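> coords below, sequence missing:
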């Protein structure tokens, strides 16, 4: 700064002029940097394979001039504060207030830029991983990671601001640690559910839209995976809200992953003495003709048991969409029922024969 306070043309620069030179010089440097990044910088990064650097440059270029303006204002205020005499105590005090406001604005602008860069970097990394692994982007994990990163950047910015104003940051960190421990002990279940949500979002045992069976036996489609709980819509159109901690502890069945194919099973009982081959042929025929039943693997009929009143046959097949399971099974049951009626193949039902005999000493 002292180099600016020299004689120029036989005249010594005043503190105000020096401050103005610092402000406009820093602002001009910001505009020049922005122009360089917009021209040469974009040409250089266009040659790279990754487009992450393009995203980062786009974020920085739009804000570099504002960073330069705030930085210039801070340098100018610092120059005025240093050159103000001891007699100008009030001026120095107001300059100190102004410096504090400008410093807070400067840290806020830098933090905003870092947050944007971090959010864009995380999203780009997850999208790249999803493309390479041929998986869908985890839309539930992205907001969680961005929120954690934003909180960390905010805390760091807050600590820097407090340190600038002479506050004891170490005591604040200790207080935060003690407070965090108290909160953790008081909210164990909530924290366990939050950890469970993070595990679900990273391990991905199910995704939004998947049909799952809960440990309690309910079946439904996943509507939302939150930090604390997961929302599932069952077949009665009721919303089940299940804590994440219970989901990661229990045993889940995912009908949608890794493929949406699902087995269809139709069990039919025929009377003893019926023509088994004819019954099996009819059941197989309807399965092969159904448009939603896969031909590979081919559907097949098996004799799975001898019941009290019937021979139990099981039709096994597969459909490409788990959402069609009940509709396909219902259609096949109706077709088999009417075909058995037409072919006189009896579908028995349980019967009981009761014999009444008189007591041994009853009079005749």
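That came through, no problem. The shown structure was predicted, so the numbers you read here are calculated from the model rather than taken from an experiment.
> Report the residue ranges of every domain in the protein.
According to automatic domain parsing, the chain comprises the domains 2-136+143-166, 197-254, 262-342.
> What's the mean pLDDT across stretch 303-316?
The pLDDT scores in stretch 303-316 average 91.
> And for it, what's in contact with it?
263-272, 274, 276, 279-280, 283-284, 287, 299-302, 332, 336, 347-351 (Cβ atoms under 8 Å, 6 or more residues apart in numbering). Every C-beta, even on glycine, is put in place using the N, C-alpha and C of the backbone.
> Grab the nearest non-local neighbour of residue 244.
Leaving aside its sequence neighbours, residue 244 sits nearest to residue 196 (Cβ to Cβ, 6 or more residues apart in numbering; 3.2 Å).
> Check which helix or strand the one you found maps to.
For residue 196, the element it lies in under DSSP states H and E is helix 188-203.
> Give the other helices and strands that that helix contacts.
helix 141-164, strand 219-225, strand 229-234, strand 239-243, helix 244-249 (3 or more Cβ pairs under 8 Å, 6 or more residues apart in numbering; DSSP states H and E).
> Check the separation of the first and last residues in stretch 245-264.
By Cα to Cα, to the nearest Å, the extent of stretch 245-264 from end to end equals 32 Å.
> And stretch 43-59, by the same measure?
16 Å.
> Could you tell me which of the contacts of stretch 303-316 belong to strands?
Of the positions in the contacts of stretch 303-316, 263, 264, 265, 266, 267, 268, 269, 270, 300, 301, 302 sit in strands, assigned by DSSP state E.
> For PyMOL, write the select line for the buried members of the residues you listed.
Those of these that count as buried under 16 or more other Cβ atoms under 10 Å are selected in PyMOL with:
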select buried, resi 264+266+268+269+270+301
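> Direction included, what does the following helix or strand past the helix holding residue 196 pair against?
Remark: after helix 188-203, the chain's next helix or strand is strand 211-213, criterion DSSP H and E. In the sheet, strand 211-213 lines up against strand 219-225 (antiparallel), strand 253-254 (antiparallel) (DSSP bridges).
> contacts for strand 211-213?
206, 219-222, 232, 252-256, 322-323.
> I'd like the average pLDDT over it.
91.
> Enumerate the positions of it that are buried.
Neighbour-count burial for strand 211-213 [16+ other Cβ under 10 Å]: 211, 212.
> Could you do stretch 298-313 as well?
Across stretch 298-313, burial judged by 16+ other Cβ under 10 Å covers 299, 301, 310, 311, 313.
> Tabulate those in TSV, adding columns for distance to residue 146.
What follows is the buried residues of stretch 298-313, written out as TSV (distance: Cβ to Cβ, whole Å):
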residue	distance to residue 146
299	48
301	54
310	60
311	61
313	56
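> Tell me which two of these sit farthest apart.
Using Cβ to Cβ, these reach their maximum pairwise distance at 299 and 310, which is 21.0 Å.
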